[in-house]
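# Build me a structure from this.
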Amino acid sequence: MAHLHLQLLGGFSARLEGRRAVRLPFRRAQALLAFLALSPGPAHPRDQLTTLLWSDLPRSDAHARLRHTLFLLRRALVDGRFEGLDVTSDAVLLRPSTVRVDVLEFERLAGLASPTALARAGALYQGDLLLGLAASDDLFEEWLTARRARLREQAIEVLGRLLRHQRDGGRREAAVQTALRLLELDPLQEAIHRALMELYRGLGRRGSALCQYRACEAVLKRELGVEPDAETTALYHDVARAGGTGEPGSAGVRAERERLRHALGESVASLHRAGTREWQRGAFAQGQQLLETALRAVESLPPTAETLARSVDLRLLLHRCLNPQGAVGPSPENLQAAEVAATRLNDPRRLALVTLYLSEQYRAAGDLAGSAEHASHALSRAQDVGDAGLEVEANFQLGVTRWLRGNPRDGVACLHMAVASTADWPTERRVGYPVVPSLVYLARALTSLGEFARAEGYAEQAMAIAEIAQHPLSLAEGLHALGGLYAEQGDAGRAIPLLERSLAVLRKHHIGHIEPLVTVL
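Presented below is the predicted three-dimensional model:
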């Protein structure tokens, strides 16, 4: 019998021993499998699992969802000859002897004292538990949040012990990497900033040490409104006074400048990774702060192809953090700057992405003419690049804009093309953007034309995907589309509960950009 290997730190990945990855595109299936793997022991009663994962549904509906999710799990696992999932009419058990879980191995290694074990534990911790998994049920969210926090604190403690071993053993380069990882997990650890400054000084990287002080100063001021303490400031002055007196243009000064640029580049990459993690877990405001700090830093570097590409990627991700918050104001300027940089790079794919995001942002700001123009350009660029996924996104943006400009038939044609182009996509690609929004807006456009039967079919398709995947934004949009359809038909009894539920999802996940549309209905 093949063993199941689960990687849950930094995301979700499952594979059967000696075989390819197990595909579980639906988030509830991932959540259920992860909970079973991390809660070894007696079998879990079905009532416990339905309460954990479907607390908002009636008991009969919740049990039906559990049966369907277990069917998906068993089909995915049994095909690979895995026999460790025991399902009865009353309970579910994932036998511990049949599963290898990175979380459990991390916890085992974290309890050991040897530097080798600590290094292996640190390597296993690739990020938050089930990073990117949206927890939409209160009880599961409580369980996941508590387990994430405990593992993160354990990772910080492990890396702190590893850092002490590396410093005591004179392994400065390895200690630098460990200290940088610690600051990714908790950038407010002033003692780690100070340790990193000392390590850089010991390696002769004075510029890196001074740059680290400035990074420490900036994060403390931004997050806590305080200055570095006296010990850190004294170390900074010691490093600064120890500098050489070479003339401008000398080899020593040029090397020092190059080391400074390298240190700043490392800080930018670290902030970019941290901002990406915050965005993936839905902490949009925190992601925005980290990405803005990284963007300010990268723009102080010389404009090379690498720094220009980094600035475009930072700005695009910053837009994805701003948009769910309803932050319309700063995004057009941000995306226009990304367009300038992508043009200088002559990067067609980045240009197409920037143009797509500009279309979306102009529409959010009420400039439908600008949105239509950018959507058309994006479609042309996507076709030039030959990227089918970008073409789907461009048709979605163009269809929405044409519908809003009073051309519902043209909008329906574009949106239908977007939906039809994704018919052969694997299930995991149909979850979320752009497939669900395309279905949602196709339903809304058809509703405006009075074609209620077709509209209901597309709205129900969107709801089916969103409900199974429990993708918050997709779920809110699907509920909105179906509720709006019933409202348009005068069926308030069916419309109001759907719209109220859509509003609750939006508020729970702090998604502000479509809330006004829901409250209007």
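# Any figure for the gap between residue 347 and residue 176?
As judged by Cβ to Cβ, to the nearest Å, residue 347 and residue 176 stand 32 Å apart. C-beta: built from backbone N, CA, C; applies to glycine.
# Look at these two and report which has more neighbours.
For residue 347 and residue 176, the more surrounded residue by other Cβ atoms under 10 Å is residue 176, and the numbers stand at 21 against 18.
# if I read this right, the more buried one contacts residue 202, doesn't it?
No. In this structure residue 176 lies outside contact range of residue 202 using Cβ atoms under 8 Å: 9.7 Å.
# Are we agreed that residue 160 is in a helix?
Yes. If the criterion is DSSP: H, G, I helix; E, B strand; the rest coil, then residue 160 is within a helix.
# ok, it - contacts?
For residue 160, the contact set (Cβ atoms under 8 Å, 6 or more residues apart in numbering) comprises 182, 192.
# And it, what's its pLDDT?
In this model, residue 160 is scored at 96, pLDDT.
# Please determine how far it is located from residue 221.
Taking Cβ to Cβ, one finds residue 160 at 24 Å from residue 221.
# Just to check, residue 349 is in contact with residue 387?
Yes. Contact criterion Cβ under 8 Å: residue 349 and residue 387 qualify, at 6.5 Å.
# Which helix or strand lies directly C-terminal to the helix or strand hosting residue 37?
For residue 37, the host element (DSSP states H and E) is helix 27-38. Note on helix 27-38: by DSSP H and E, the next helix or strand toward the C-terminus is strand 44-45.
# Within its sheet, name the partner strands of that following strand and how each one runs.
Looking at strand 44-45 with DSSP bridges, its partner strands are strand 91-94 (antiparallel).
# and the strand it pairs with, how far from the chain's centre?
Centroid separation for strand 91-94 versus its chain: 30 Å, with Cα atoms, centre = their mean, to the nearest Å.
# Check what contacts it and list those residues.
33, 36-37, 40, 42-46, 49, 70, 84-86.
# Can you tell me which of those comes closest to residue 435?
Among the contacts of strand 91-94, residue 33 lies closest to residue 435 (Cβ to Cβ), at 23.8 Å.
# OK, contacts around residue 497?
So residue 497 contacts residue 483 (Cβ under 8 Å, 6+ apart).
# Now do the SS call for it.
Residue 497 - assigned by three-state DSSP - is helix.
# can you check residue 19 too?
coil.
# Any idea how many residues pack against it?
13.
# ok, now which ones touch the closest residue to residue 299 other than its chain neighbours?
Leaving aside its sequence neighbours, residue 299 sits nearest to residue 311 (Cβ to Cβ, 6 or more residues apart in numbering; 6.5 Å). Residue 311 makes contact with 295, 298-299, 337-338, 341, according to Cβ under 8 Å, 6+ apart.
# Mean pLDDT per helix and strand in this protein: which one sits at the bottom?
helix 515-520 (a mean of 41; mean pLDDT, DSSP states H and E).
# right, and residue 478 touches residue 472 too?
No. Contact between residue 478 and residue 472 fails when scored by Cβ under 8 Å: they sit 10.8 Å apart.
# So residue 100 belongs to a helix, correct?
No. Counting by three-state DSSP, residue 100 is not found in a helix; it is strand.
# how about residue 59, phi and psi?
With angles defined as degrees, to the nearest 10, residue 59 sits at phi -60, psi -40.
# The residue lying closest to it once chain neighbours are set aside is in what secondary structure piece?
Using Cβ to Cβ, 6+ apart and skipping residues adjacent in sequence, the residue nearest residue 59 is residue 50, 7.1 Å away. Secondary structure assignment for residue 50, by DSSP H and E: helix 46-53.
# Mind giving me the packing neighbours of that helix?
The contact analysis (3 or more Cβ pairs under 8 Å, 6 or more residues apart in numbering; DSSP states H and E) places helix 46-53 against helix 27-38, helix 59-78, strand 91-94, helix 138-168.
# Buried residues in it, which are they?
46, 49-50, 52-53 (16 or more other Cβ atoms under 10 Å).
# Roughly how far does the nearest residue to residue 162 once chain neighbours are set aside sit from residue 153?
Nearest residue to residue 162 in three dimensions, chain neighbours excluded: residue 118, at 4.2 Å (Cβ to Cβ, 6+ apart). From residue 118 across to residue 153, the span is 15 Å (Cβ to Cβ).
# just residue 219 next, same as before
Counting by Cβ to Cβ, the gap from residue 219 to residue 153 is 19 Å.
# So which of these two has more stuff around it?
Between residue 219 and residue 153, counted using other Cβ under 10 Å, the more crowded position is residue 219 (21 against 12).
# what about the helices in the stretch 401-521 of the chain?
Assigned helices in the stretch 401-521 of the chain, in chain order: 408-421, 427-430, 435-448, 452-469, 472-488, 492-508, 515-520 (criterion: DSSP state H, counting those that start in this stretch).
# Shouldn't residue 188 be within a helix?
No. Secondary structure of residue 188 (three-state DSSP): coil, not part of a helix.
# show me what contacts residue 13?
Neighbours of residue 13 in contact, by Cβ under 8 Å, 6+ apart: 6-7, 21.
# One more: residue 221?
Per Cβ under 8 Å, 6+ apart, neighbours of residue 221: residue 227.
# Just the pLDDT for it.
If you check residue 221, the pLDDT there is 88.
# repeat for residue 151
Reported pLDDT for residue 151: 96.
# which residue packs closest to it, ignoring adjacent ones?
With Cβ to Cβ, 6+ apart, the residue lying closest to residue 151 is residue 129, at 5.4 Å.
# Quick one: residues contacting the one you found.
8-9, 103, 144, 147-148, 151.
# right, and the pair among these with maximum separation?
9 and 144 (12.9 Å).
# Give me the more crowded residue out of the two.
residue 9 (23 against 20).
# circling back to that earlier point, looking at the helices of the stretch 401-521 of the chain, spot the one closest to residue 214.
That would be helix 472-488 among these, by Cβ to Cβ, at 37.0 Å.
# relative to helix 435-448, how tilted is that closest one?
With axes from the mean of the first three to the mean of the last three Cα atoms, to 10 degrees applied, the angle from helix 472-488 to helix 435-448 works out at 10 degrees.
# How far off centre is helix 472-488?
24 Å.
# One more: stretch 193-213?
Using Cα atoms, centre = their mean, the offset of stretch 193-213 from its chain centre is 31 Å.
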